[in-house]
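> Here is my input; please provide its structure:
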Amino acid sequence: SCESGAEWVDTLQCFESQTIVVRGSGSAHSETSCWPWLGIVLLHITAIILLLVTTLDNAWWVTDKMSTDVWGRWLLQGSTWHYTNLPTTKYPEEYLQVVQATSILACIFAILALFVFVAQLFTLGKGQRFVFSGILQMISCLSIMIAASVYTSEFQFHKAEDGGGFGHSYALAWVSFVLTFLLAVTYIVLRKKSE
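As a prediction, the model looks like this:
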């Protein structure tokens, strides 16, 4: 929808596959911006990073001498930390595998949702919604919610350990849940701009 003639100065391809036209006569210029799309992508990348930290970092439960994640635990012996497997008597394997699997699924679906969103920016028709991206993001949201909920409900024995508490990875799991939920709703409600 670019006008040809003296008013046309430059045409740039926008991230959303819409044309940005910089027009003007003399010193007056008007410009359409891609900042909303870039903001959503940056927010999505932030959510992916939080999900990866939640899944991989060793701080779901921490004490002065122990740091536990969903894969193993670190014990402080003397002045050095030693990695050990989680004891199956204290960590029921079937529940632990649910937390591990849903954490990984949350990361995978969040990454897929980002790629689908970027692809939809280029392929969706004007005025259509980003429903498929929203559905993938909602699956990611539900996966991390299941992981954090199962960890909360099934690993209550941690409360008996003195001086311990939920670590930053556990808190990031819940923050990731909220962030992925907001992104899912945003994608479902969002329409591609029509000119």
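> quick one, longest helix in this structure?
helix 93-123 (DSSP state H).
> Next, the buried residues of that helix.
Across helix 93-123, burial judged by 16 or more other CB atoms under 10 Å covers 96, 98-99, 102-107, 109-114, 116-118, 120-121. No exception for glycine: its C-beta is placed from N, CA and C like everyone else's.
> which strands and helices sit next to that helix?
Here helix 93-123 touches helix 35-56, helix 131-154, helix 168-189, going by 3 or more CB pairs under 8 Å, 6 or more residues apart in numbering; DSSP states H and E.
> rerun at 6 Å
helix 35-56, helix 131-154 (3 or more CB pairs under 6 Å, 6 or more residues apart in numbering; DSSP states H and E).
> among the ones you listed, which is the most enclosed?
helix 131-154 (a mean of 21; mean count of other CB atoms under 10 Å).
> who's in contact with it?
95, 98-99, 102-103, 105-106, 109-110, 112-113, 116-117, 120, 173-174, 176-177, 180-181, 183-184, 187-188 (CB atoms under 6 Å, 6 or more residues apart in numbering).
> Any chance you could spot the residue sitting in the middle of this structure?
Ala47 (2.4 Å; CA atoms, centre = their mean).
> Confirm for me that that one is in contact with Thr180.
Yes: between Ala47 and Thr180 there is a contact under CB atoms under 6 Å: 5.4 Å.
> quick revisit: in TSV, list the helices and strands packed on helix 93-123 along with distance to Asn85 and mean pLDDT.
As requested, the helices and strands packed on helix 93-123 are exported to TSV (distance: least, CB to CB, whole Å; pLDDT from 0 to 100):
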stretch	distance to Asn85	mean pLDDT
helix 35-56	17	90
helix 131-154	17	93
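> can you redo those as TSV with distance to Phe166?
Shown next, in TSV, are the helices and strands packed on helix 93-123 (distance: least, CB to CB, whole Å):
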stretch	distance to Phe166
helix 35-56	12
helix 131-154	8
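> right, and the ones you listed - which one's nearest Ser169?
Of all those, helix 35-56 sits nearest to Ser169, with 5.2 Å by CB to CB.
> Please export the C-alpha coordinates of the closest one as PDB.
These are the backbone C-alpha positions of helix 35-56, laid out as PDB (Å, rounded to 0.1, in the frame of the first residue of the first chain):
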ATOM      1  CA  TRP A  35       7.700  -2.000  18.800                       C
ATOM      2  CA  PRO A  36       4.600  -3.900  20.000                       C
ATOM      3  CA  TRP A  37       5.700  -7.000  18.100                       C
ATOM      4  CA  LEU A  38       9.200  -6.800  19.200                       C
ATOM      5  CA  GLY A  39       8.000  -6.300  22.800                       C
ATOM      6  CA  ILE A  40       6.000  -9.400  22.600                       C
ATOM      7  CA  VAL A  41       8.900 -11.400  21.200                       C
ATOM      8  CA  LEU A  42      11.200 -10.100  24.000                       C
ATOM      9  CA  LEU A  43       8.700 -11.000  26.600                       C
ATOM     10  CA  HIS A  44       8.400 -14.500  25.100                       C
ATOM     11  CA  ILE A  45      12.200 -14.900  25.100                       C
ATOM     12  CA  THR A  46      12.200 -13.800  28.800                       C
ATOM     13  CA  ALA A  47       9.600 -16.500  29.500                       C
ATOM     14  CA  ILE A  48      11.700 -19.100  27.800                       C
ATOM     15  CA  ILE A  49      14.800 -18.100  29.700                       C
ATOM     16  CA  LEU A  50      12.900 -18.300  33.000                       C
ATOM     17  CA  LEU A  51      11.500 -21.700  32.100                       C
ATOM     18  CA  LEU A  52      15.000 -23.000  31.200                       C
ATOM     19  CA  VAL A  53      16.400 -21.700  34.500                       C
ATOM     20  CA  THR A  54      13.600 -23.200  36.400                       C
ATOM     21  CA  THR A  55      14.100 -26.600  34.800                       C
ATOM     22  CA  LEU A  56      17.900 -26.700  34.900                       C
END
